[in-house]
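> Pasting a predicted model and its sequence here:
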Amino acid sequence: MKRNFSRQLLFIAVFLFLTIASFGQAQFLFSDSAYRAAANNSGRIWGYVFGDYYYKSHADSLNRGGSNQYSGIPQSRNAFQFRRLYLGYDYNYNSKFSSELLLAAEDNFPAYNAPGQTATNGDQLSNGKETFFIKLANVRVKNLWKGTDAVVGLQTTPAFALLSERIWNYRSIERTIADIRRTPSYDFGVGLQGHYLNNSLGYNLLAANGTSDKTASSSFKWFYGDVWASLANHTIILDLYADYQRLNWTPGYHHDRQMIKGFIAYNTSPITIGVEGFINNIRADVKATKIGGGADTIATMANGISFYAHGDIVPTKLRWFARVDLYNPNSKVNNSKYTAYSGVSSPSAYETPGYKYSYAGSTTGAPTGETSTGDPTSKETFLTAGFDFMPFKDIHFQPNIWYSHYASQLTSTMAGYGPNNEDVVWRLTFFFVFGRHYSNTFNQL
């Protein structure tokens with residue numbers, strides 16, 4: 001008994017000695033400031049979490065909205081939920097090489113399976129519990145040439161997460177307009193990231209699988225690129241983005257998608273105003289049945305624009321935010337020429353991010369389960385507004401309203417037609433960050 005007790009005391013003493021002896025190094029290894037200074041052998045553990053208590057006061061009769069946060073959730077449903085949990089580790093080997101690893105658990109979509117839908121498409125296990133997945137895992141070569149880093153592995157794409165999402169600043173409230181349509185925010189590939197003139201000009205290029213963290217399902221790659229400028233002491237931000245991916249490339253059938261997106265913002269400490277818009281052209285995407293017989297294979301031209309603003313009420317303590325999005329999933333709908341629309345591709349093609357909701361009109365020939373989402377030609381108007389209360393730095397409580405209105409482009413005689421309707425959700429969102437500097441000011445990103 002005494003021998004065991006002595007061994008336990010010895011173990012505790014050694015443990016405390018090693019802990020105290022390594023305390024200075026541990027502080028350095030888990031120091032955000034040391035990591036940002038690119039000190040050798042410096043690292044940081046970091047993360048953030050956001051979720052809500054929500055109450056859905058009204059539900060769209062056709063469960064429209066695709067993978068919107070609250071599509072298919074019945075009216076009067078209320079719940080507590082996490083929508084994102086991040087746990088990451090960043091590490092500097094030296095001034096030339098660094099790496100990052102990020103684990104994420106995110107909201108399931110659809111959050112509630114609408115009638116006719118049985119499959120989930122998110123981060124829930126078969127027993128209904130949520131799990132982490134690997135979202136980022138890469139190595140960075142700094143200054144491969146002057147001003148340009150190379151990144152290899154699972155990494156952030158140039159689509160929005162590197163720039164416009166940070167200026168919007170309220171990912172805890174909603175994705176950016178391109179993110180809602182499932183343009184990938186991360187992907188597996190090789191990228192170049194350039195910063196010049198004291199972070200006033202730059203570019204980002206990436207060639208990747210186009211499947212985020214999933215295994216590549218074809219040899220076709222997704223090519224991303226953007227150029228940006230930060231002007232007037234980093235208060236005016238400009239960005240031009242484009243991407244391209246082949247979807248199907250067989251003799252007589254060339255099927256691909258290409259998006260172009262622009263972003264401009266006025267960004268200061270007291271107020272930020274931003275506009276972001278895109279056009280997503282998907283060639284040979286829809287079979288359109290002609291009036292009088294026959295059919296055409298036409299392109300889908302989806303487009304959207306987002307306007308937002310946020311600012312201080314009491315600096316560092318209380319802020320406000322507001323946003324309006326206008327989205328058209330297919331600007332090629334022509335009721336004077338066609339009687340019905342259906343998707344051309346096999347169901348697997350509809351799982352391509354940014355493409356799933358492109359087809360229009362009649363759900364005949366569309367992937368299994370899509371009939372339950374109602375009319376996919378519906379234009380959408382999204383609104384959100386609320387307040388951001390910060391009782392302590394990087395801890396946020398954000399009461400807000402989430403609203404999405406749907407308006408069909410089809411005539412009342414067409415299959416899938418539905419009346420105008422909306423989803424209305426009231427939320428108390430909470431959001432906290434640890435272990436990492438957080439700011440929406442461009443020169444501090």
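Received, thanks.

> number of nearby residues for A150?
15 (other CB atoms under 10 Å). Where you see a C-beta, it was placed from the backbone N, CA and C, and this is true even at glycine.

> Just grab the bridge partners of it for me.
V141, L192 (DSSP bridges).

> where's it relative to R84, distance?
Distance of A150 to R84, given as CB to CB, to the nearest Å: 28 Å.

> before we move on, what about A37?
28 Å.

> Neighbour count: those two, which is higher?
R84 (16 against 10).

> so where's the stretch 1-150 of the chain shaky on pLDDT?
1-29, 108-123 (pLDDT under 70).

> Tell me where it has strands.
Assigned strands in the stretch 1-150 of the chain, in chain order: 42-58, 78-92, 97-106, 133-145, 148-156 (criterion: DSSP state E, counting those that start in this stretch).

> From the contact counts, what lies against the helix or strand where T300 lies?
Here T300, judged by DSSP states H and E, is contained in strand 295-314. Applying 3 or more CB pairs under 8 Å, 6 or more residues apart in numbering; DSSP states H and E, we find strand 295-314 packed against helix 177-180, strand 271-290, strand 318-328.

> residues making contact with stretch 42-49?
Residues outside stretch 42-49 that contact it (CB atoms under 8 Å, 6 or more residues apart in numbering): 28-32, 34-35, 82, 84-92, 431-436, 438.

> same thing but at 7 Å, please
For stretch 42-49, the surrounding residues in contact (CB atoms under 7 Å, 6 or more residues apart in numbering) are 28-32, 34-35, 82, 84-92, 432-436.

> try stretch 382-396
Contacts of stretch 382-396 (CB under 7 Å, 6+ apart): 172-174, 316-325, 397-404, 430-433, 438.

> Mark which of those are buried, thanks.
Among those, those classed as buried by neighbour count (16 or more other CB atoms under 10 Å) are 172-174, 319, 321, 323, 325, 398, 400, 402-404, 430-431, 433, 438.

> Just those: which are in strands?
Per DSSP state E, strands hold the following members of the buried ones among the contacts of stretch 382-396: 319, 321, 323, 325, 398, 400, 402-404, 430-431, 433.

> Thought G311 was touching A322, still the case?
No. With contact defined as CB atoms under 7 Å, A322 does not count as touching G311 (9.6 Å).

> Paired strands for the strand holding T300, with orientation please.
With DSSP bridges as the test, strand 295-314 is paired with strand 271-290 (antiparallel), strand 318-328 (antiparallel).

> and the first one, how far from the chain's centre?
Averaging C-alpha coordinates over strand 271-290 and over its chain gives two centres that are 17 Å apart (CA atoms, centre = their mean, to the nearest Å).

> in it, what counts as buried?
So strand 271-290, judged by 16+ other CB under 10 Å, has buried residues 272, 274, 276-278, 280-289.

> coming back round to it: mean pLDDT lowest where, among the strands paired with strand 295-314?
Ranked by mean pLDDT, the strands paired with strand 295-314 bottom out at strand 271-290, with a mean of 90.

> Figure out how far stretch 208-227 is from the centre of its chain.
Centre-to-centre, stretch 208-227 and its host chain are 15 Å apart (CA atoms, centre = their mean).

> How about stretch 297-307?
Distance, stretch centre to chain centre, for stretch 297-307: 18 Å (CA atoms, centre = their mean).

> contact partners of that stretch?
176-177, 275-288, 323-332, 344, 358-360.

> In contact with the residue nearest the centre of the chain, which residues?
Central residue of the chain (CA atoms, centre = their mean): D179, 4.0 Å from the mean position. D179 makes contacts with 160, 185, as judged by CB under 7 Å, 6+ apart.

> Next one, pLDDT for it please.
94.

> Likewise for I291?
pLDDT for I291: 86.

> That one touches N334, doesn't it?
No. Look at I291 against N334 with CB under 7 Å: they stay out of range, at 9.9 Å.
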